[in-house]
Structure formats: structure tokens, C-alpha cells
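K.L.:
What follows is a predicted protein model with its sequence.
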Amino acid sequence: MANKRELLRFLDQRVFNPILKASGSHYRDGDRKKLEDVQDRTRSEKDRFHHYHSAREIIDNYKSDLHSDTAKRVNSELRRLRLPTLPSVKDEFLRAAGDRQ
């Protein structure tokens, strides 16, 4: 199983940082506001993951987030803005984590 640092690096590089670094200049006015909203939510999500104490806690919460109603709404917005989502890297993340489910 990957360690906590490896899992966080994976999520930061593949999901969190691309969202946080997205430029509003690439979007129309209405979408800029939505981008700001998903970036705020992503900052909170990234912070939450970075405060988990173990790799197991990261994996368990990652899986939980895949089925959360709130996450589904945010993921829908992210897809519309053509940004990565946690579900978009699910197989790769679980493989890296050494988790088969």
C-alpha cells in the first residue's frame, strides 16, 4: 500500500492542483463564478485530506467522497468546466493505494 505522502502527492498533482491553478480568464463570466466556487470547495477538500492521519484514512474518505451527494454536485460542475474530479482518477488512485475496491 502507498503511504500517506504518496497518496497526497497523487491527489494534489492529478486533481486538486489543476483545479486550484485553473485560470478564470479561460471561462465566460457565469462560469468564472462557478470556477471560484469549485476552487473554494477544492481548497477545503485538499486541506481536509492533508489533515488525515494515515494512508488508510485517506483511502477510506476518498471512497466515501465518491458516493457523497455534495461531491456528486461539485463533480458535475467540475466536469462541465472540463476539470479533473476524484472519480476521474478512481482506478489509478486505488491501484496506487494498493486497494482493489
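P.N.:
Nice, I can see it.

K.L.:
how near is Glu36 to Asp29?
P.N.:
Relative to Asp29, Glu36 is positioned 11 Å away (C-beta to C-beta, to the nearest Å). Quick note: C-beta positions are derived from backbone N, CA and C, even for glycine.

K.L.:
out of those two, which sits in the busier spot?
P.N.:
Under the neighbour definition other C-beta atoms under 10 Å, Glu36 and Asp29 were set side by side, and Glu36 has more, 12 against 7.

K.L.:
Now stretch 79-90: average pLDDT?
P.N.:
When pLDDT is averaged along stretch 79-90, the result is 96.

K.L.:
Same question for that stretch: list its buried residues.
P.N.:
81, 83-87, 89 (16 or more other C-beta atoms under 10 Å).

K.L.:
any chance of those residues in TSV, plus secondary structure?
P.N.:
Listed next are these as TSV, based on DSSP: H, G, I helix; E, B strand; the rest coil:
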residue	secondary structure
Leu81	coil
Leu83	coil
Pro84	coil
Thr85	coil
Leu86	coil
Pro87	helix
Val89	helix
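
K.L.:
just curious, which of these is nearest to Lys63?
P.N.:
Leu86 (9.6 Å; C-beta to C-beta).

K.L.:
list the contacts for the closest one?
P.N.:
Taking C-beta atoms under 8 Å, 6 or more residues apart in numbering, we find Leu86 in contact with 11, 15, 62, 65-66, 71, 75, 93.

K.L.:
what about 10 Å?
P.N.:
When the contact criterion is C-beta atoms under 10 Å, 6 or more residues apart in numbering, the partners of Leu86 are 11, 14-16, 45, 49, 62-63, 65-66, 68, 71, 74-75, 78, 93.

K.L.:
Skip the chain neighbours and tell me the closest residue to Leu83.
P.N.:
Ile19 (5.0 Å; C-beta to C-beta, 6 or more residues apart in numbering).

K.L.:
For the helix or strand encompassing the one you found, give the mean pLDDT please.
P.N.:
According to DSSP states H and E, Ile19 maps onto helix 17-21. Taken as a whole, helix 17-21 carries a mean pLDDT of 98.

K.L.:
so what's the residue of the chain most remote from its centre scoring on pLDDT?
P.N.:
In the chain, counting by C-alpha atoms, centre = their mean, Asp29 sits farthest out from the average C-alpha position, at 23.8 Å. Model confidence at Asp29, given as pLDDT, is 88.
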